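In: need a 3D model of the following:
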Amino acid sequence: MQRLSLLTKISLVGLVVLLISLTQTSFASASLNVWENIGPEGGTINVIVIDPHIPTTLYAGTKDNSIFRSIDGGAQWSMINDGVIFGEVKSLAIDPQTPTTIYAGGLRSILYKSVDGGQSWMRKFIWGYGDLLALAVDPLTPEAVYAGSSTHGVYKSTDGGETWTQITNELMSTLVRALVIDPQAPNTLYVGTHDGGVFKSTDGGESWSVANNGLTATDALAIAIDPQNSQILHVSTGSGGVFKSINSGNSWSAMSAGLPDTSILTVAIDPQDFATLYVGTQGAGVYKSMDGASSWSPAGSGLTAETVRTLAIDPATPENLYAGAEIYGVFKSSDSGGNWSEANESLAAVGVSSIKIDPQSANTLYAGTFNFGIYKSTDGGKTWEPRNRGTRADFFPDDQKYPEFGQCVHNLVMAPGMSNRLYQQNHCGMYRSEDGGLNWQSIEKGLPSSFGFPATCPSSRASWFRVCPTP
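Out: The predicted structure is shown next:
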């Protein structure tokens with residue numbers, strides 16, 4: 001596969017491995033406070049936002065490793081997690097008047113606020129247990145902040161996130177995926193919901209009305225408002241492509257000519273050329289329209305990622321376009337989507353569950369990761385290769401049950417004295433490899449469950465393996 005050959009040539013996308021930097025003289029004289037990130041970079045990116053005043057400053061919310069910032073247009077990234085305790089960031093929003101004020105939404109209704117450009121974060125509380133999938137800041141009155149929850153609809157704060165009120169009157173669907181504010185009339189809000197389509201409020205969320213006339217797909221994943229004419233909106237859906245409204249959501253028309261038959265995860269409008277739009281898809285990369293969504297064509301030369309969750313356009317130089325992808329991290333185009341390149345330097349955004357070092361070859365490393373399976377390096381972490389052949393992914397379609405990556409590895413074990421014998425326990429089974437991870441064989445037969453976490457090999461018996469399955 002093309003993706004596999006790419007990964008064998010470059011640093012593996014998406015996990016974090018840290019090694020203590022030690023001198024070769026003695027352990028006692030080593031500097032134990034110096035850590036080196038040996039990569040590789042990338043990961044799954046849920047959201048990217050751009051500082052409207054300094055467009056070279058970007059913020060990325062990731063699936064496994066929280067928040068990153070770049071101050072040079074994506075050339076370099078740094079993790080900015082001081083005060084943040086959750087791993088996955090679902091949403092980000094910047095105060096348009098004071099862009100050093102940033103809000104980050106995550107799991108279980110946890111919200112964080114930074115007033116220093118992400119250097120430090122303060123935890124705020126929103127009642128409920130759902131994830132915060134959408135955030136928006138009023139452009140004229142930035143003390144007014146809105147949050148969309150996966151379980152409790154919409155919340156509003158009028159004091160910059162200190163206190164919150166649930167505003168779901170007549171909002172019949174409470175799983176909110178998208179939330180946008182009309183920049184010309186900030187009391188007008190639109191929300192996209194999981195199963196109820198689009199809702200609209202003209203009084204700052206005090207009341208809501210259904211805005212689904214002509215919208216044949218009710219899983220609204222993202223909404224974009226034309227920055228020049230706010231009566232024009234576009235909504236991307238999970239099952240019906242893209243829809244367009246030219247009358248503030250009173251009616252919608254399907255605008256999917258040329259789009260693949262897959263979920264359209266995000267939509268973005270060029271801030272200077274309003275007839276130019278981009279969408280990110282599930283499994284088909286990025287598509288572009290230059291005629292107001294009447295027709296679409298692929299825009300993905302160099303974009304090795306198939307699933308693009310988020311798009312962000314430089315407001316001052318809209319030729320600069322950023323795509324946040326599953327697994328492969330951030331990509332940047334400097335020619336309006338014509339060509340793409342990775343922009344992942346120091347963006348290490350994947351959680352690691354297990355690290356094993358071959359005792360017979362210290363440069364040979366194995367890493368078990370959340371969501372990406374097993375990877376191996378034979379050069380001390382400079383480059384990595386996937387090692388997942390034969391592992392099953394029950395949650396994928398039937399024709400994709402054995403991917404080259406995609407597993408959540410709970411535990412990785414190396415047999416003592418037999419470094420080529422590995423065991424892994426993941427979301428879908430127990431496996432053994434006899435060739436350093438090149439091939440895996442299921443060994444779960446006879447277990448009461450294939451799901452579990454604890455696993456070990458006795459130090460004196462390499463042929464023994466113990467696991468504690470979850471009933």
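In: going forward, measure contacts between C-alpha atoms and count neighbours the same way
Out: Will do.
In: any idea how far Glu342 is from Val137?
Out: Going from Val137 to Glu342 by Cα to Cα, to the nearest Å gives 30 Å.
In: more neighbours, these two?
Out: Val137 (25 against 21; other Cα atoms under 10 Å).
In: what's the pLDDT at the closest residue to the more buried one other than its chain neighbours?
Out: Nearest non-adjacent residue to Val137, counting by Cα to Cα, 6 or more residues apart in numbering: Val145, 4.6 Å away. For Val145, the pLDDT comes out at 97.
In: then Trp35?
Out: 63.
In: likewise for Gln441?
Out: pLDDT, Gln441: 90.
In: how about the strands in the stretch 351-471 of the chain?
Out: 352-357, 365-369, 373-377, 385-386, 409-415, 418-426, 429-433, 441-442, 452-456, 466-469 (DSSP state E, counting those that start in this stretch).
In: so which helix or strand of this structure has the lowest pLDDT on average?
Out: The helix or strand of the chain with the poorest confidence is helix 2-7; it has a mean of 35 (mean pLDDT, DSSP states H and E).
In: ok, now which ones touch Ser114?
Out: Contacts for Ser114 (Cα atoms under 8 Å, 6 or more residues apart in numbering) come out as 100-103, 120-122.
In: not counting sequence-adjacent ones, nearest residue to it?
Out: Trp121 (4.6 Å).
In: re earlier: pick the most deeply packed of the strands of the stretch 351-471 of the chain.
Out: strand 365-369 (a mean of 26; mean count of other Cα atoms under 10 Å).
In: mind checking how far that strand is from the chain centre?
Out: Relative to its parent chain, strand 365-369 has a centroid offset of 21 Å by Cα atoms, centre = their mean, to the nearest Å.
In: using CSV, write out every CA atom in that strand.
Out: What follows is strand 365-369, C-alpha atoms only, in CSV (Å, rounded to 0.1, in the frame of the first residue of the first chain):
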residue,chain,number,x,y,z
LEU,A,365,12.3,-0.3,20.1
TYR,A,366,8.6,-1.3,20.1
ALA,A,367,5.8,1.0,21.0
GLY,A,368,2.2,0.1,21.7
THR,A,369,-0.1,3.1,21.1
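In: now that strand: average pLDDT?
Out: pLDDT averaged over strand 365-369 gives 85.
In: check which helices and strands that strand is in contact with.
Out: strand 352-357, strand 373-377, strand 409-415 (3 or more Cα pairs under 8 Å, 6 or more residues apart in numbering; DSSP states H and E).
In: figure out which of these is closest to Ile45.
Out: Across the helices and strands packed on strand 365-369, Ile45 has its closest neighbour in strand 352-357 (16.3 Å, Cα to Cα).
In: quick one: residues in contact with that closest one.
Out: Contacts to strand 352-357, defined as Cα under 8 Å, 6+ apart, come from residues 15-17, 363-370, 409-414.
In: I figured Val210 hits Lys200, correct?
Out: Yes: Val210 is within contact range of Lys200, at 6.4 Å (criterion: Cα atoms under 8 Å).
In: between the two, point out the one with more neighbours.
Out: Using other Cα under 10 Å, the more surrounded residue of Val210 and Lys200 is Lys200, with 24 against 18.
In: the more buried one and Leu135, how far apart?
Out: Distance, Lys200 to Leu135, by Cα to Cα: 16 Å.
In: how does the protein divide into domains?
Out: As given by automatic domain parsing, the domain ranges for the chain are 42-342, 352-469.
In: what's the least confident stretch among these?
Out: In terms of mean pLDDT, the lowest-scoring of these is domain 352-469 (a mean of 79).
In: how about the strands in the stretch 51-200 of the chain?
Out: Using DSSP E, counting those that start in this stretch, strands in the stretch 51-200 of the chain cover 58-62, 67-70, 78-79, 89-94, 102-106, 110-114, 122-125, 132-137, 145-149, 154-157, 165-166, 176-181, 189-193, 198-201.
In: which residue ranges of the stretch 201-350 of the chain form strands?
Out: In the stretch 201-350 of the chain, the segments counted as strands under DSSP E, counting those that start in this stretch are 209-210, 220-225, 233-237, 242-245, 253-254, 264-269, 277-281, 286-289, 297-298, 308-313, 321-325, 329-333, 341-342, 348-349.
In: and the last one, what does it pack onto?
Out: The criterion is 3+ Cα pairs under 8 Å, 6+ apart, and the helices and strands that strand 348-349 contacts are strand 42-43.
In: check the offset of the strand it packs on from the chain's centre.
Out: Worked out by Cα atoms, centre = their mean, strand 42-43 lies 9 Å from the chain centre.
In: cool, stretch 427-447 as well?
Out: How far stretch 427-447 lies from its chain's middle: 29 Å, per Cα atoms, centre = their mean.
In: end to end, how far does it reach?
Out: Terminal residues of stretch 427-447 lie 14 Å apart, using Cα to Cα.
In: quick one on the thing from earlier: most tightly packed of the domains of the chain?
Out: domain 42-342 (a mean of 21).
In: returning to what we had before: now the residue nearest to Val137: how far from Lys288?
Out: 31 Å.
In: list the contacts for the residue lying closest to Ser248 once chain neighbours are set aside?
Out: Counting by Cα to Cα, 6+ apart, Ser248 lies nearest to Gln231, which is 4.2 Å off, once chain neighbours are set aside. Gln231 sits next to 225, 245-249 when contact means Cα under 8 Å, 6+ apart.
In: measure Gln231 to Thr57 for me?
Out: 30 Å.
In: could you do Arg69 as well?
Out: Distance of Arg69 to Thr57, computed by Cα to Cα: 7 Å.
In: and what of Asp203?
Out: Using Cα to Cα, Asp203 is found at 33 Å from Thr57.
In: still on that earlier bit, got a markdown table for the strands of the stretch 351-471 of the chain, with distance to Gly160 too?
Out: Shown next, in a markdown table, are the strands of the stretch 351-471 of the chain (distance: least, Cα to Cα, whole Å):
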| stretch | distance to Gly160 |
| --- | --- |
| strand 352-357 | 35 |
| strand 365-369 | 37 |
| strand 373-377 | 40 |
| strand 385-386 | 44 |
| strand 409-415 | 39 |
| strand 418-426 | 42 |
| strand 429-433 | 46 |
| strand 441-442 | 52 |
| strand 452-456 | 41 |
| strand 466-469 | 46 |
